[in-house]
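# Prediction below, plus the sequence it came from.
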Amino acid sequence: MIRIGKIVATHGINGALVMTHVVGSSKWLKKDTTLMVEMQKGSLIPYFTTQVKAVNDKEYLISVEDIEKVEAAKKLVTKHVFVDEALLGDYAKKSPLLWIGFMVIDVTMGEIGIIEDVILTGAQWLGKIIYFGAEVLVPLIPEMIQNLDVKKKVINMDLPEGLLEIYM
């Protein structure tokens, strides 16, 4: 499962929801798709979409099974949404925002850590990783990425020599 967004609001009185996402396209979500909502940390509950309308490339207006009143919908607001990586296809390889939770493995140093957050600085994405207790910012650029396995949530990289030492 990949975290793709968050439910940010209710819409109307019939339990519709506003979901923001980081996929970068409004073409991936369809009716009858299963969305996994993190109701509590580490606890994903499936919700099946009954209506889907793209507002723009970052937001959907959705309705889900068994949520028909605004009171029930309010319980989902602020919750993170995950989907099966197969649903995203190539979108998952193109957007570093979807790489949160991926393990970074360097060809020399081995496992570095899990990407906790991503930051866009100018035209470059950086992955925030905790490495031996220190926050490390790793450039997520094609020249350093050797392999990206969305299914296993692993990024194999060839990091520049000395990059990790400056944080220690």
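That came through, no problem. Numbering: from 1, shown residues only.

# Just the buried positions in stretch 122-129, please.
125-129 (16 or more other Cβ atoms under 10 Å). Any C-beta I mention is one placed from the backbone N, CA and C, and that applies to glycine too.

# now swap in stretch 158-168 and tell me
Here stretch 158-168 shows 159, 163-164 as buried, counting by 16+ other Cβ under 10 Å.

# Then stretch 1-12?
2-7, 9-11.

# Please identify which of these is nearest to residue 104.
residue 2 (15.8 Å; Cβ to Cβ).

# Strand partners (parallel or antiparallel) of the helix or strand hosting residue 136?
Using DSSP states H and E, residue 136 sits in strand 134-139. Paired with strand 134-139 in the same sheet, following DSSP bridges, are strand 124-131 (antiparallel).

# Downstream of the helix or strand bottoming out on mean pLDDT in the chain, the next helix or strand is which one?
One helix or strand of the chain scores below all others by mean pLDDT, DSSP states H and E: helix 91-94, with a mean of 78. Using DSSP H and E, the helix or strand that follows helix 91-94 in sequence is strand 103-106.

# And the contacts of that next one?
111-115, 127, 129, 138, 153-159, 164 (Cβ atoms under 8 Å, 6 or more residues apart in numbering).

# how does it look with 6 Å?
With contact meaning Cβ atoms under 6 Å, 6 or more residues apart in numbering, strand 103-106 is reached by 111-112, 114, 154-157, 159.

# just stretch 65-75 next, same as before
10, 13, 15, 17, 48, 50.

# Now with 8 Å, please.
10, 12-17, 47-50, 76.

# Kindly write the PyMOL command that selects the buried subset of those residues.
For the buried members of these, the matching PyMOL selection, counting by 16+ other Cβ under 10 Å, is:
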select buried, resi 10+15+16+17+47+49+50+76
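
# Tell me how far residue 13 lies from residue 23.
28 Å (Cβ to Cβ, to the nearest Å).

# meant to ask about residue 50
In terms of Cβ to Cβ, residue 50 sits 20 Å off from residue 23.

# ok, and for the least confident helix or strand of the chain, which residues are buried?
91-92.

# and if you look at stretch 135-142?
136, 138-140.

# How about the secondary structure of residue 86?
Local secondary structure at residue 86 is given as helix here, using DSSP: H, G, I helix; E, B strand; the rest coil.
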